[in-house]
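Asker: Show me how the following folds:
(chains A and B)
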Protein chains: 2
Amino acid sequence: MRQSQLFTKTRREAPADEPSKNAQLLIRAGFVYKEMAGVYAYLPLGLAVVEKIKAIVREEMNAIGGQELIMTALQKKELWEKTDRWDDEKVDVWFKSELKAGGEVGFGWSHEEPIGEMMKNYITSYKDLPIYVYQFQTKLRNELRAKSGVMRGREFVMKDMYSFCLGQKDHDAFYNATIEAYKRVYARLGLGEDTFITFASGGAFTQFSHEFQTICEAGEDAIYINREKGIAINEEVLNDETLASLKVTKEELTLVKTAEVGNIFNFGRQKATDLELTYKAETGEDVAVWMGSYGIGVTRLVGVIVEKFSDEKGMVWPVSVAPFYVHLIGLNNEDNAVKDWADGLYASLKERGISVLYDDRNLRAGEKFADSDLIGIPYRIVASKRGQAEGTFEVVTRATGEVRQLTEEELYADFDASLDT
Amino acid sequence: MRQSQLFTKTRREAPADEPSKNAQLLIRAGFVYKEMAGVYAYLPLGLAVVEKIKAIVREEMNAIGGQELIMTALQKKELWEKTDRWDDEKVDVWFKSELKAGGEVGFGWSHEEPIGEMMKNYITSYKDLPIYVYQFQTKLRNELRAKSGVMRGREFVMKDMYSFCLGQKDHDAFYNATIEAYKRVYARLGLGEDTFITFASGGAFTQFSHEFQTICEAGEDAIYINREKGIAINEEVLNDETLASLKVTKEELTLVKTAEVGNIFNFGRQKATDLELTYKAETGEDVAVWMGSYGIGVTRLVGVIVEKFSDEKGMVWPVSVAPFYVHLIGLNNEDNAVKDWADGLYASLKERGISVLYDDRNLRAGEKFADSDLIGIPYRIVASKRGQAEGTFEVVTRATGEVRQLTEEELYADFDASLDT
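Answerer: Model (predicted):
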């Protein structure tokens, strides 16, 4: 798209009331707008990133048999009372309101209960199982504090998946398939190296649950890791028993700050028992369904990626989630021949299916470069008067700073090669 | 996808507490799940329809220069007080709650105020205008009554677009471009013939506003139409003055029941004046922006389409929004040769990029046909033992009931021809 048409503008300074680096950069570059603390609107560039993350997650969830649906924000009090999670003493992040028609409603901070309740309509026999469903849902959580930008929102997008199985064996198989799918997601987002599957407290049904934690200075968690042994332990469960069971000593572990980017829970049969969600077994017996839940914080990942992939000039998007692949900068706009040349490259990049933001604005080169660095699109192509005289474009890789002078043919060959991978 | 894998099941009876035809059919066919009155979750088949409608709307909004973003559900009290729309006496559909951190918040039933407020960050000079932005947002409205199924939700998806112009001339041009874009949307949804651009009450700034009303027995509106003259008038503004200005007599008009599927508003400079959203004109003067808003009820359209395109057997989806293009029914599953033949057709339809739901379940033919009629996919292909002996598939067009016996080659030729149009 032409940058002259994009309604957002960059700004030099971050807003005074925004303490987090990720939101500062995202706001300055026009990716998000802060409605209130922990509540951010996603503008065209930011929405593009969110949609790219969702597309990757969707592909991987579909690949393991997930079926997409979308539950509701409005939630029934009676349902959450069944599992004793309506009371503000038990769950401290509820937003609640009164229905004009009478009665209280809650706003979805989680969807385990409604999705379990709904499944009563579709699960009757053992033949109906397993079922795996997921959604991308806007969660509303009445957090007391929200100082981590888009990494901890009062309103945020989460992918939550739920599994309904006959018993532990099937559950474990899907649980493990999800772990592998999650690893693929984080690898595709460029976070694979620094994301650890971490032992965390397990709740009522299992000794441990698993979290996916990404090393990140701005994260709110801390874990102990040993890269060689591939072990990671949340500090909340770091005790002698855990160390013994994982065959590691405290001395072999390093403490790192992390952000939780995913979690997976095994509910056993407890949640379905509370909800009275059962299936008729082959024996004729009514058996509570074995449930699991699997979350990925989609908008939190936007924040984590910004925190990890940015420098003093701005953001550095991985190709997989960048809002555009190429940032084409047209210089010397006043020279018609140069402008036509840049316009032509813009048209032909689009024709080749390469997504491109074209800075066609009448601004000084320095301003355009500063904006481009801030926005952080992977490849910058500069069309200038000097370049035209030499028959080459300047191609700058945002992540490495590498600068190359390429002819149009070399440019296409380069993109064809890199887009094939 | 294989129907044996789809977790939803059809049901013979509608739930007792569901009065509307659209929700009855959508629930029976497994497209939606009723969380509470006016609050519906969208299951895989229903979500597919919603996404197809959104894709059509998105295409048409992008074509007239719309830029997509997504605002937030949580809303600031202070902002809505500026336009005097926080008070429950003034707006009777607010859901409100208390922030744990202190203060009240509202849940977005509309986004005119926050989007206008946000634009202060991006509009400074006359050079920044015009700007057109839109979103697909889940609106929350505390309706006293919700008896029209997905046609009037307490929680529903709306496309809302906003225009920011220098003055009336630019506004009018975009307003008219939007009217044309909306006509294309309704035509593509199969509602073009029965959708009327209707004169309705205009509010403070203009004599009339425009609504898009679709003839629909289950609709909550009533309009007077004259097809020949292409005139439609909402009953709320039917008076001598209106009749005179539109050069039509009461006798020439017919009263029809309708559902409002879109509306467009001209705010003049009033909304921006309230919000203090101004631009610096060429003269150096600060001028309030001329604003408009343009809505399309996405999930309401799901309901309208079901109300209009259904028969005693079930739903009849237009091709443009059907969850799948083909419903392949495999009969005589017990015969391996027939099953292989059906499996083969399933694979090769998918390979050709034709979306297909494959009923591979071990059920009687009658049950499969009843489910297929209820779900309402445009084309049914039946693979049976008899057909295999004759080398043909039975192809049934859901909308017309037309039955044809086609060879696999004839089938592809037929689809290639119809998909080209």
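
Asker: what's the distance between the spatially closest residue to A:E390 that is not a sequence neighbour and A:D414?
Answerer: Distances taken as Cβ to Cβ, 6 or more residues apart in numbering or on different chains put A:Q405 closest to A:E390, at 7.1 Å, once the chain neighbours are dropped. Where C-beta positions appear, they are placed from N, C-alpha and C, glycine not excepted. Counting by Cβ to Cβ, to the nearest Å, the gap between A:Q405 and A:D414 amounts to 12 Å.

Asker: Now for the two: what residues contact both?
Answerer: Overlap between the neighbourhoods of A:Q405 and A:D414 consists of A:V395, taking contacts as Cβ atoms under 8 Å, 6 or more residues apart in numbering or on different chains.

Asker: for stretch A:10-19, which positions count as buried?
Answerer: Within stretch A:10-19, the residues that count as buried by 16 or more other Cβ atoms under 10 Å in any protein chain shown are A:A14, A:E18.

Asker: Quick one: end-to-end distance for that stretch.
Answerer: End-to-end distance of stretch A:10-19 (Cα to Cα, to the nearest Å): 18 Å.

Asker: Equivalent analysis for stretch A:391-407, please.
Answerer: Stretch A:391-407: ends 6 Å apart by Cα to Cα.

Asker: repeat for stretch A:28-43
Answerer: Separation of the first and last residues of stretch A:28-43 by Cα to Cα is 12 Å.

Asker: And stretch A:196-216, by the same measure?
Answerer: This stretch, stretch A:196-216, spans 12 Å end to end (Cα to Cα).

Asker: Ok, stretch A:279-299 next?
Answerer: Between the opening and closing residues of stretch A:279-299 we find a distance of 36 Å, counting by Cα to Cα.

Asker: May I see the buried residues of that stretch?
Answerer: Under the neighbour-count criterion of 16+ other Cβ under 10 Å, stretch A:279-299 has A:279, A:287-299 buried.

Asker: and of the residues you listed, the nearest to A:H327?
Answerer: When the buried residues of stretch A:279-299 are compared for distance to A:H327, the smallest value, 23.4 Å, is given by A:T299; criterion: Cβ to Cβ.

Asker: Now do the phi/psi pair for the nearest residue to A:K183 once chain neighbours are set aside.
Answerer: Here the nearest residue to A:K183 in space, its sequence neighbours aside, is A:G192; by Cβ to Cβ, 6+ apart that works out to 7.0 Å. A:G192 has phi and psi values of phi -60, psi -50 when expressed as degrees, to the nearest 10.

Asker: doesn't A:V185 make contact with A:G192?
Answerer: No: the pair formed by A:G192 and A:V185 falls short of the contact definition of Cβ atoms under 8 Å, at 9.1 Å.

Asker: who's more crowded, these two?
Answerer: With other Cβ atoms under 10 Å in any protein chain shown as the criterion, A:G192 and A:V185 differ in neighbour count, and A:V185 comes out ahead with 24 against 13.

Asker: Would you map the helices across chain A?
Answerer: Listed from the start of the chain, chain A has helices (DSSP state H) covering A:21-28, A:44-63, A:77-82, A:112-119, A:168-188, A:240-245, A:270-275, A:298-308, A:336-351, A:365-375, A:385-390, A:408-420.

Asker: ok now the fourth one, how far from the chain's centre?
Answerer: If I follow you right, that is helix A:112-119. Its chain's C-alpha centre lies 24 Å from the corresponding centre of helix A:112-119 when counted by Cα atoms, centre = their mean, to the nearest Å.

Asker: I'd like the mean pLDDT over it, please.
Answerer: Taken as a whole, helix A:112-119 carries a mean pLDDT of 97.

Asker: gap between A:D221 and chain B?
Answerer: Separation of A:D221 from chain B (Cβ to the nearest Cβ, to the nearest Å) stands at 21 Å.

Asker: For A:W94, give me its contacts.
Answerer: Under the criterion of Cβ under 8 Å, 6+ apart, the contact list for A:W94 reads A:W86, A:D88, A:G106, A:F107, A:W109, A:N142.

Asker: just the buried members of those?
Answerer: With neighbours counted using 16+ other Cβ under 10 Å, the contacts of A:W94 contain these buried positions: A:W86, A:G106, A:F107, A:W109, A:N142.

Asker: Neighbours of the residue lying closest to A:F393 once chain neighbours are set aside, how many?
Answerer: Nearest residue to A:F393 in three dimensions, chain neighbours excluded: A:I381, at 5.0 Å (Cβ to Cβ, 6+ apart). Counted by other Cβ under 10 Å, the residues lying close to A:I381 total 25.

Asker: Kindly report the same for the one 3 residues further on.
Answerer: Look at A:S384: counted by other Cβ under 10 Å, it has 20 neighbours.

Asker: wouldn't it be in contact with A:D335 here?
Answerer: No: look at A:S384 against A:D335 with Cβ under 8 Å: they stay out of range, at 9.5 Å.

Asker: how does chain A divide up, domain by domain?
Answerer: According to automatic domain parsing, chain A comprises the domains A:21-311, A:326-420.

Asker: start to end distance for the first one?
Answerer: Translated: domain A:21-311. 11 Å.

Asker: Check stretch A:368-383 too.
Answerer: 12 Å.

Asker: Can you tell me which residues in the stretch 151-300 of chain A are near chain B?
Answerer: Within the stretch 151-300 of chain A, the positions adjacent to chain B are A:R154, A:E155 by Cβ under 8 Å from any Cβ of the partner chain.

Asker: which residues of the stretch 151-300 of chain A fall in strands?
Answerer: Taking DSSP state E, counting those that start in this stretch as the criterion, the stretch 151-300 of chain A contains strands spanning A:155-165, A:195-201, A:208-215, A:221-226, A:231-234, A:254-268, A:278-280, A:286-288, A:290-297.

Asker: Indicate which one of those strands is closest to B:K34.
Answerer: With Cβ to Cβ, the closest approach to B:K34 among the strands of the stretch 151-300 of chain A belongs to strand A:155-165: 18.9 Å.

Asker: helices or strands up against the closest one?
Answerer: Secondary structure elements in contact with strand A:155-165, counted by 3 or more Cβ pairs under 8 Å, 6 or more residues apart in numbering or on different chains; DSSP states H and E, are helix A:44-63, helix A:112-119, strand A:131-140, helix A:168-188, strand A:290-297, helix A:298-308.

Asker: Partner strands of it, with direction?
Answerer: Using DSSP bridges, the neighbouring strands of strand A:155-165 in the sheet come out as strand A:131-140 (antiparallel), strand A:290-297 (antiparallel).

Asker: Just want to check the distance between A:R184 and chain B.
Answerer: For A:R184, the distance to chain B (Cβ to the nearest Cβ) stands at 21 Å.
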